[in-house]
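In: Got a predicted model here, sequence first, then my questions.
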Amino acid sequence: MSGGDDSGGLFPVAVLIDELKSSETQKRVRATKQLKVISEALGFERTREELIPYVTEKGGGWDDDDEVLMCIAEQFSEFVDYVGGVEYAECLLQPLEQLVSMEEPVVRDKAVSAIKSIMVELPDSVLERVCAPMVYRMANHEWDACKAGAAAVIPQMLRQTKNPETVDQLRKLFASLCEADVPLVKRAAANNMAAICKATSDVSSLTKFLRLFATLGRDEQDGVRLVVIEKAADVATALSNTQMGGDLIQTNIIPIVRESCQDVSWRVRYMLCVSFKAIAEATHLSRNPSEIARLYRELAEDREAEVRTAAAHQIATVGALLKGTREARSVLPHFTTLCKDDSNHVRAAAAANIVEGLSNAFSQHEVTETLLPLLEKLLRDESSDVRLNVIGELGKFSGAVGFNEVSSSILPAVTKLATDPKWRVREGVINVVPNLAKLMGADKFDAELLQIVVGWLTDQVCEIRTLVARVLCDLWQIFGESWAKLSLLPKVVVLAVRENYMHRVALLHFTSCASKKSCCSAETIHTQFLPLYNNLARDQVPNVRFNVANSINAALPKLDRQAIVMTWKPLLEALENDPDHDVRQYASKALINCP
């Protein structure tokens, strides 16, 4: 295909056309993303007759790169106007129909999505003439991928067509896909059952589809049953807006949920746990607390740790669903058992959810009685992840039982985790320090935790030192500037004389961060930070000196013009003459911001 005269404005188009067949994938991708530009230059007719065939062939067939094929599908989804309008949409649908048969799932999904986007724009006449035959071909194709694509397209066709005969044929086609022998097709049918229910209004047809859905839920392939339970909530939601929706849910969806709870495949039971909240809300199980309690008890007692972990993640959900009911007490032993499970993962999940679960289900007095013994046990757990999750829930703990009730257990655990060999654990503890500070108050925090927090500025891991610099600034914001001058700064400034240069750099990171906070005044910067900068500007390590320049630059917006000219600018000018290139660069950058 030729782009015409290579002169003038058509030259870039000719380059793009050449790149469509380049041997380099990225060039083909880039050119494919510019198909609209090429089409505008060629016009409607040449786009239909030359450009579309050109991009859908490469050496007699499709491009062999999935990324290019995905780009083609994406472009075609918005290409109707570039081929001359809806009357010519067939020239786009034909290649997209071929893409649906590709092996790569993401390519098929993009092609199906593009077909559905184009169908939305089409009038009834084009739907009947072009789309209906296309769907029949896909549903009866020898390739299973095409049949799976048909399952996704049929709901869209049902929503748009007004022809009763076409509607009847499409429903029969979808039913045949539900009864296919191949798991890929059955999974696609189950995945699109909610869309079919939304597109179906009469109860008789809905009942037939739901029976097929229930049959898929008992399929011999656990991959099919997995999709059924994953989509059960969506199907129930779709039924809620239909006539007799409540009855249809009770007679068709609830039995699927019950059977999934005892499925032989742990993956299906796991998916039920993951989808528990969505299913309970969509199927109105919240009105049947005894059913919720029964299902949850079975899942919490599951023999597979993965399922019990998922059940532990649902403690808060179940607590909220059973709030104010007598069935709440029947699941309480299972909540506590999950906190004592042999699996570290189960205990960690339970530790992260037990507070909210108990608070949702019980009164404060009942929570205190049950939670304190669990808390003390979890804080002594051998797994650092469990202990960390407990501390991460501290705000909820204090709201549920009061901080004074649990401080004697929490503070020793924080102290122990502060030196945990896993730096991610130390990071997690640092992140909860601001919440701890708010609950403890300045005096108790100074006595119990301040020295530990300041000590993290000398941690061996850079991420920890950087994080604690920010957290110390948060504490400054919480407790105020007077506290910072009396309690915080005297403990921090001693790092300026430490032998390890990284400790001095950490100090400068802290002062730089503090200078940017509204809680740190210009007076504090001048009286507390300036002496540090004067000393550290003469440090033997270049990294320290350029961080001095960087810290001064952070402080400049708060300082008045006279102070900068008289005191701060000379210091930067001295650093600008430093023998180290990086120091000079940072100093010059700061001087630009000086008056």
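Out: That came through fine.

In: Low-confidence regions, this protein specifically.
Out: For the chain, the stretches with pLDDT under 70 are 1-11, 58-63, 394-406, 409.

In: Go again with 50.
Out: 2-9, 58-60 (pLDDT under 50).

In: export the helix or strand harbouring Glu281 as CSV, just CAs?
Out: Element membership for Glu281 (DSSP states H and E) is helix 276-282. The C-alpha trace of helix 276-282 is given here as CSV (Å, rounded to 0.1, in the frame of the first residue of the first chain):
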residue,chain,number,x,y,z
PHE,A,276,-18.4,-13.9,51.1
LYS,A,277,-19.4,-10.3,51.7
ALA,A,278,-20.5,-9.7,48.1
ILE,A,279,-22.5,-12.9,48.1
ALA,A,280,-24.1,-12.2,51.5
GLU,A,281,-25.2,-8.7,50.4
ALA,A,282,-26.4,-9.7,46.9
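
In: In it, which residues are buried?
Out: For helix 276-282, the neighbour count (16 or more other CB atoms under 10 Å) marks Phe276, Lys277, Ala278, Ile279, Ala280, Ala282 as buried. Every C-beta, even on glycine, is put in place using the N, C-alpha and C of the backbone.

In: doesn't Thr317 make contact with the second one?
Out: Yes: Lys277 is in contact with Thr317 according to CB atoms under 8 Å; the separation is 4.4 Å.

In: which residues in the stretch 251-400 of the chain form helices?
Out: Applying DSSP state H, counting those that start in this stretch to the stretch 251-400 of the chain gives helices spanning 254-261, 266-274, 276-282, 289-300, 305-313, 315-321, 328-339, 344-361, 364-379, 384-392, 394-401.

In: and the angle from the first one to helix 266-274?
Out: Think helix 254-261. Using axes from the mean of the first three to the mean of the last three CA atoms, to 10 degrees, one finds that helix 254-261 and helix 266-274 are set 120 degrees apart in direction.

In: and helix 254-261, which residues are buried?
Out: So, applying 16+ other CB under 10 Å, buried residues of helix 254-261: Ile254, Ile256, Val257, Glu259, Ser260, Cys261.

In: how about JSON lines for those residues, with distance to Val541 added?
Out: What follows is the buried residues of helix 254-261, written out as JSON lines (distance: CB to CB, whole Å):
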{"residue": "Ile254", "distance to Val541": "70"}
{"residue": "Ile256", "distance to Val541": "67"}
{"residue": "Val257", "distance to Val541": "65"}
{"residue": "Glu259", "distance to Val541": "68"}
{"residue": "Ser260", "distance to Val541": "63"}
{"residue": "Cys261", "distance to Val541": "64"}
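
In: where do the helices sit along the stretch 401-550 of the chain?
Out: 403-417, 423-440, 442-448, 450-455, 462-479, 481-483, 489-492, 501-515, 522-524, 530-536, 542-555.

In: export the last one as PDB, just CAs?
Out: Below are the C-alpha coordinates for helix 542-555, written out as PDB (Å, rounded to 0.1, in the frame of the first residue of the first chain):
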ATOM      1  CA  PRO A 542      31.100  15.400  50.600                       C
ATOM      2  CA  ASN A 543      27.800  13.600  51.100                       C
ATOM      3  CA  VAL A 544      27.300  15.500  54.300                       C
ATOM      4  CA  ARG A 545      28.300  18.900  52.800                       C
ATOM      5  CA  PHE A 546      25.900  18.600  49.800                       C
ATOM      6  CA  ASN A 547      23.100  17.600  52.200                       C
ATOM      7  CA  VAL A 548      23.800  20.800  54.100                       C
ATOM      8  CA  ALA A 549      23.200  22.800  51.000                       C
ATOM      9  CA  ASN A 550      20.100  20.800  50.300                       C
ATOM     10  CA  SER A 551      18.800  21.400  53.800                       C
ATOM     11  CA  ILE A 552      19.400  25.100  53.600                       C
ATOM     12  CA  ASN A 553      17.500  25.200  50.300                       C
ATOM     13  CA  ALA A 554      14.500  23.600  52.000                       C
ATOM     14  CA  ALA A 555      14.600  26.200  54.800                       C
END
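
In: who touches that helix?
Out: 501, 504-505, 508-509, 511-513, 515-516, 525, 529, 533, 536-539, 568, 571-572, 575, 578, 580, 582-583, 585-587, 589-590, 593 (CB atoms under 8 Å, 6 or more residues apart in numbering).

In: so it versus helix 501-515, what angle?
Out: Going by the same axes, to 10 degrees, helix 542-555 makes 0 degrees with helix 501-515.

In: chain center to the next helix or strand after helix 542-555: distance?
Out: Toward the C-terminus, helix 542-555 is succeeded by helix 561-563 as the next helix or strand (DSSP H and E). Here helix 561-563 is found 48 Å from its chain centre; the criterion is CA atoms, centre = their mean, to the nearest Å.

In: likewise stretch 458-471?
Out: 26 Å.

In: So for that stretch, what gets flagged as buried?
Out: Quick answer for stretch 458-471 (16+ other CB under 10 Å): Thr458, Asp459, Ile464, Arg465, Leu467, Val468, Ala469, Val471.

In: Distance to Asp66 added to the helices of the stretch 251-400 of the chain, as CSV?
Out: Compiled in CSV, the helices of the stretch 251-400 of the chain are given as follows (distance: least, CB to CB, whole Å):
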stretch, distance to Asp66
helix 254-261, 34
helix 266-274, 27
helix 276-282, 32
helix 289-300, 39
helix 305-313, 32
helix 315-321, 38
helix 328-339, 43
helix 344-361, 35
helix 364-379, 47
helix 384-392, 38
helix 394-401, 46
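
In: Which stretch among these approaches Leu248 most closely?
Out: helix 254-261 (10.2 Å; CB to CB).

In: Show me what the closest one is packed against.
Out: helix 203-216, helix 222-240, helix 266-274, helix 289-300 (3 or more CB pairs under 8 Å, 6 or more residues apart in numbering; DSSP states H and E).

In: Please enumerate residues in contact with the longest one?
Out: Which is helix 222-240. Everything outside helix 222-240 that qualifies as a contact, by CB under 8 Å, 6+ apart, is 183, 186-187, 190-191, 193-195, 197-198, 206, 210, 213, 216-219, 245-246, 248-249, 253, 256-257, 260, 263-265, 267-268, 271-272, 275, 278-279, 281-283.

In: now the angle between helix 203-216 and it, please.
Out: 160 degrees.

In: Next, report how far helix 222-240 is displaced from the centre of its chain.
Out: 22 Å.

In: do the first one as well
Out: Between the centre of helix 203-216 and the centre of its chain there are 34 Å (CA atoms, centre = their mean).

In: from what I can see Met244 touches Val203, true?
Out: Yes: contact status for Met244 versus Val203: in contact at 5.6 Å, counting by CB under 8 Å.

In: Any chance of JSON lines for the buried residues of helix 276-282, columns distance to Leu379?
Out: Compiled in JSON lines, the buried residues of helix 276-282 are given as follows (distance: CB to CB, whole Å):
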{"residue": "Phe276", "distance to Leu379": "28"}
{"residue": "Lys277", "distance to Leu379": "28"}
{"residue": "Ala278", "distance to Leu379": "33"}
{"residue": "Ile279", "distance to Leu379": "34"}
{"residue": "Ala280", "distance to Leu379": "31"}
{"residue": "Ala282", "distance to Leu379": "38"}
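
In: For these, work out which two are farthest apart.
Out: Counting by CB to CB, the most remote pair of these is Phe276 and Ala282, 11.1 Å apart.
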